[in-house]
Structures are given as C-alpha cells and as structure tokens.
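Trainee: Okay, here's the prediction I keep looking at, along with the sequence it came from:
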Amino acid sequence: MKRDIKFFGVFRQHMRNASLELEASPNMTAKELKGEIKLALKDVSSDLNPNLVEISALSTDKTVLRDTESIGQASTLYLLPPVCGG
Amino acid sequence: MQGNNLFVDLTSLPINIESALGFLTNYNCGAHSIFLGTARNNNHGRIVEALEYDAHVELAKNVLTNICIEAAAGLGTHYKIATIHRTGKLNIGEVSVFIGVSTPHRSEAFEACRYIIEKLKHRAPIWKKEYYSDGTSEWSEGCSLCGNG
C-alpha cells in the first residue's frame, strides 16, 4: 500500500515542502516505517541529522502513533520532529 | 474547536485577546487565570529578531482539546478554558500563545492554566524557528513525541 509521508518543522525545510511516497503494509510498525524513511531521507538531504528520524514520531491526522504501534490503513502519515510550542 | 466550556484554536493571524477574554466571561466564575507567551528578543545569548511557528494544525487541535479536557477534570460545571496558539511568522513582542482559565476560585484556575502550558510544550505538534540578528535561523530543540502516542 502506498503511503504519502508529510513533514513538519526542520524536516519540512529539508524536504522543501515536498512529501515522500513509500510502500508500507498495514501491519508495519511505526518504528519500522521510520527506518524506511531514514533510508529515503539519506538520498534527499545529506546534511540532515539521520538520528533525528529516530526521535521523531509518526502520526495520522488524528493521533500520534507509538513506535510499537502498527501504522494501519492511513494513506497519509506525518513525521513529527521533537515539538517546541509555546 | 468550540464547546460551551472550551475553545481551542490555531491561527496565522494575531491572537484576538479581547475576543478570548470575552469567551472566558462567566458570572459563576470569580477567578480568571491568563497565561500569555510572547516572542522574546534573545535566546542563549543570541539576538532573536523574529519567530516562526509550524504546526500540524488538525492534530494540534485534537491534542490541545485533550489537554484542556484533562485540565478541566474535577472543575465541576462552572469553568471556561480558551487555548489559542499562533502559526506563521511573529515579530518580537507578539503573543504566541494565549491560555485562559475561568473558575469559581483562584487555586484551580492557576493550577489548570499551568497544567495546560506545561503539557502543550511537551505534547502539541508545534515547532518554533528562531531568526537571529546575524541573518541565520534555527529550529528550536524540543520534546520527542515518541511514547506520547
């Protein structure tokens, strides 16, 4: 199943507002998909700290996914770097 | 998101403080605790000239609503809570976040207001970029959401 991965904060800047399309099955965990994203981002942006993906979270439109959680059926997922609101 | 007691929003426009205070008006409440976060002109010894906030708006509204509901637990029926966060570019001195809590008595208003801003900083999908006087800019380091799902 094709997934559209969208980015925020520092990732959005490195991706120049572009998204990433990846193939991922519904039972893949968030941590596993982050591993795929980390590999894909190596080709896109060489000066992005690769460890940032590991401490970032995946989410749907409605909820943040735990690393051990399956990504399910959502066609769009979001990579959320550490947050800094307020 | 607006109910009778809660108002949560993210906006790219300057926060309308007067309107937010109007929402908090409740004649059953004698205490109104307000927290305003504003864009500061310095950080770690560097001169900051502007801020920019990025946000996952739909998710942030859900997260902030949940935080406000948690803060309201035990407040009974007479309370009002408004939480509004800016997005986009802000000049120094502009309000980045407004949190207002109205309750019958002061202690629960202070407590709920503090709870909301602390949880917002750790859980809301919002990101801040600082623009410095030397022409550079940096995204601020923050709190990982891994494990907060």
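Mentor: Happy to help now that I have it. Residues are numbered from 1 along each chain as shown, chains lettered A, B, ... in the order given.

Trainee: OK, contacts around the residue nearest the centre of chain B?
Mentor: The centroid of chain B falls nearest to residue B:97 when counting by C-alpha atoms, centre = their mean (3.8 Å). Applying C-beta atoms under 8 Å, 6 or more residues apart in numbering or on different chains, we find residue B:97 in contact with A:85-86, B:15, B:35-37, B:83-86, B:117, B:120. All C-beta spots, glycine's among them, are computed from the backbone N, C-alpha and C.

Trainee: Distance to residue B:43 and neighbour count for those residues - can I get that in CSV?
Mentor: Shown next, in CSV, are these (distance: C-beta to C-beta, whole Å; neighbours: other C-beta atoms under 10 Å in any protein chain shown):
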residue, distance to residue B:43, neighbour count
A:85, 15, 29
A:86, 13, 19
B:15, 21, 20
B:35, 19, 17
B:36, 18, 12
B:37, 14, 19
B:83, 24, 28
B:84, 23, 22
B:85, 19, 26
B:86, 17, 26
B:117, 18, 17
B:120, 19, 24
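
Trainee: Name the residues of chain B found near chain A, please.
Mentor: Proximity of chain B to chain A (C-beta under 8 Å from any C-beta of the partner chain) is limited to residues B:37, B:53-56, B:58-60, B:62-63, B:85, B:96-97, B:117, B:120-129, B:139-149.

Trainee: Return the members of these classed as buried.
Mentor: B:37, B:53-56, B:59-60, B:62-63, B:85, B:96-97, B:117, B:120-129, B:139-140, B:142, B:144-146 (16 or more other C-beta atoms under 10 Å in any protein chain shown).

Trainee: Please identify the buried residues of the longest helix seen in chain B?
Mentor: Secondary structure assigned by DSSP state H gives helix B:106-123 as the longest helix of chain B. Judged by neighbour count (16+ other C-beta under 10 Å), helix B:106-123 contains these buried residues: B:108-109, B:111-113, B:115-117, B:119-123.

Trainee: what does chain A have sitting close to chain B?
Mentor: A:8-10, A:12-13, A:55-57, A:59-67, A:69, A:78, A:80-86.

Trainee: Give the residue spans of chain B that score low on pLDDT.
Mentor: Where chain B drops to pLDDT under 70, the residues are B:1-2, B:147-149.

Trainee: can you give me the helices for it?
Mentor: So, for chain B - with DSSP H - the helices run B:17-24, B:57-72, B:106-123.

Trainee: Could you do chain A as well?
Mentor: Under DSSP H, chain A gives helices at A:9-15, A:30-44, A:51-54.

Trainee: what's the most buried one of these?
Mentor: Looking across the helices of chain A with neighbours counted as mean count of other C-beta atoms under 10 Å in any protein chain shown, the highest average goes to helix A:9-15: a mean of 21.
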